[in-house]
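>>> let's see this in three dimensions:
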Amino acid sequence: MRDIALTLLLSMTIVLLIGGSVSGECIEIRDVTMHLDKDRATFELNYTLDTFTRLYVLALGCRHLEPDLISFLGGYKDVKLIKADENGAALQVNGAGKNIDDFYLFYSCPFGSKDKPLKKGIEKLSVVYPEGKIETFYNVFSTQNVFCGE
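Predicted coordinates:
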């Protein structure tokens, strides 16, 4: 039994290494929640992994997903992965908003990167403002222009 599990794990590793890092086809992001806090934005991603990637993540963890999760927010400069598992991830972007007289403007920013733009829109983007108000957008390819106070 142990040999079968080891062989399966080795096979999955080879498949992932041959295919490079996890591409957009392996992660399907269903919805995004963007929490605003001063000039920071925290993004919660809910996604589905393909079968091989899911097994790999369950066996070895999410570390190999990090580059693709960060590249999903490729339009931002200071992106950090806070946590990730087989169903979702949280990423923090420092400097996402521009301070204008104690208010913050978050410019629209496309999801994906120049090398890997989104092929399919995100079903739902929810923006959670500091005071708790939630605004929802559907079938989006980018964040929306939003303005909020401290």
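
>>> rest of the way, CA atoms for contacts and neighbours
Noted.

>>> measure stretch 125-132 end to end?
Start-to-end span of stretch 125-132 (Cα to Cα, to the nearest Å) is 15 Å.

>>> for stretch 122-139, same thing?
Note: stretch 122-139 ends 5 Å apart using Cα to Cα.

>>> show me what counts as buried in that stretch.
Using 16 or more other Cα atoms under 10 Å as the test for burial, stretch 122-139 gives 122, 124-129.

>>> same check, this time on stretch 66-78
Within stretch 66-78, the residues scored as buried using 16+ other Cα under 10 Å are 66, 68-76.

>>> residues contacting residue 49?
The neighbourhood of residue 49, defined by Cα atoms under 8 Å, 6 or more residues apart in numbering, consists of 26-28, 86-87.

>>> which residue ranges of the protein form helices?
Ranges of helices within the chain are 2-18, 51-60, 66-72, based on DSSP state H.

>>> mean pLDDT for those helices: which is lowest?
The minimum mean pLDDT among the helices of the chain belongs to helix 2-18 (a mean of 56).

>>> and residue 97, what is it in contact with?
With Cα under 8 Å, 6+ apart, residue 97 has these contacts: 38-41, 104-107.
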